[in-house]
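Sequence and computational prediction follow.
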Amino acid sequence: MTSGPEPISAEARRALEEELADARAERQTVAATLQDSSDTVGDSADQADELQRADELRRLDARIDDLALRLRQTGTAGPPPTGVVGVGSTVTVRFEDGSQQVLSIGEVAESLDQNLVTADSPLGGALLGHHVGDTVGYDTPGGRENATVVSLGA
């Protein structure tokens, strides 16, 4: 792994672009509710509400900056490498209890897909770069676990 941002899938890029558009639209909505402080005199509740909207505006600005930077710094990933687990791979793993599960390694979790493991999750990160037959260790809330890569591909 490199220390900089990794290339992302086309789906992950679209998800980030959508999130950026949503954040910009929300920022416009919040900005429209802010009043020119020289035009109005309000009570302390009005002032507190203005401060809260200003804080929300700062939070949105920071998120917009983060998303825009991420999109500028990353390229679109090609297909997953052959023979090694990468973003976009479908991998069958066997857990210590003998159960097996087919997982997809993704960049961004877009839905509640039980078979999607993000690359930055403990299991997903542990699997990246490994081959069939490799056993990887990863942390869970219950302690350290191991999983073995059984196969790659559907």
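Great, that's in hand. Values in this document were obtained by computation on a predicted structure and should not be read as measured data.

correct me, but A31 touches L57?
Yes. Taking C-beta atoms under 8 Å as the definition, A31 is a contact partner of L57 at 6.1 Å. (Glycine included, C-beta is placed from N, CA and C.)

Please export the C-alpha coordinates of the longest strand seen in the chain as CSV.
Taking DSSP state E as the criterion, the chain has its longest strand at strand 143-152. Extracted C-alpha coordinates of strand 143-152, given in CSV (Å, rounded to 0.1, in the frame of the first residue of the first chain):
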residue,chain,number,x,y,z
GLY,A,143,-10.7,-10.1,19.6
ARG,A,144,-8.3,-11.2,16.9
GLU,A,145,-9.7,-13.6,14.2
ASN,A,146,-8.2,-15.3,11.2
ALA,A,147,-9.6,-16.0,7.7
THR,A,148,-8.1,-18.0,4.8
VAL,A,149,-8.5,-17.0,1.2
VAL,A,150,-10.2,-20.0,-0.5
SER,A,151,-10.7,-18.7,-4.0
LEU,A,152,-10.8,-15.5,-6.1
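
Can you list the residue ranges for helices in the protein?
When assigned using DSSP state H, the helices of the chain occupy the ranges 10-33, 44-73, 122-127.

so the first one versus helix 44-73, what angle?
The one in question is helix 10-33. Put simply, helix 10-33 runs at 150 degrees to helix 44-73, going by axes from the mean of the first three to the mean of the last three C-alpha atoms, to 10 degrees.

which strands and helices sit next to helix 10-33?
Under the contact definition 3 or more C-beta pairs under 8 Å, 6 or more residues apart in numbering; DSSP states H and E, helix 10-33 sits against helix 44-73.

Counting by contacts, list what the helix-or-strand element of the chain with minimal mean pLDDT packs against.
Least confident helix or strand, the chain: strand 116-118 with a mean of 81, by mean pLDDT, DSSP states H and E. Applying 3+ C-beta pairs under 8 Å, 6+ apart, one finds that strand 116-118 contacts strand 100-106, helix 122-127.

Give me the neighbour count for T148.
16 (other C-beta atoms under 10 Å).
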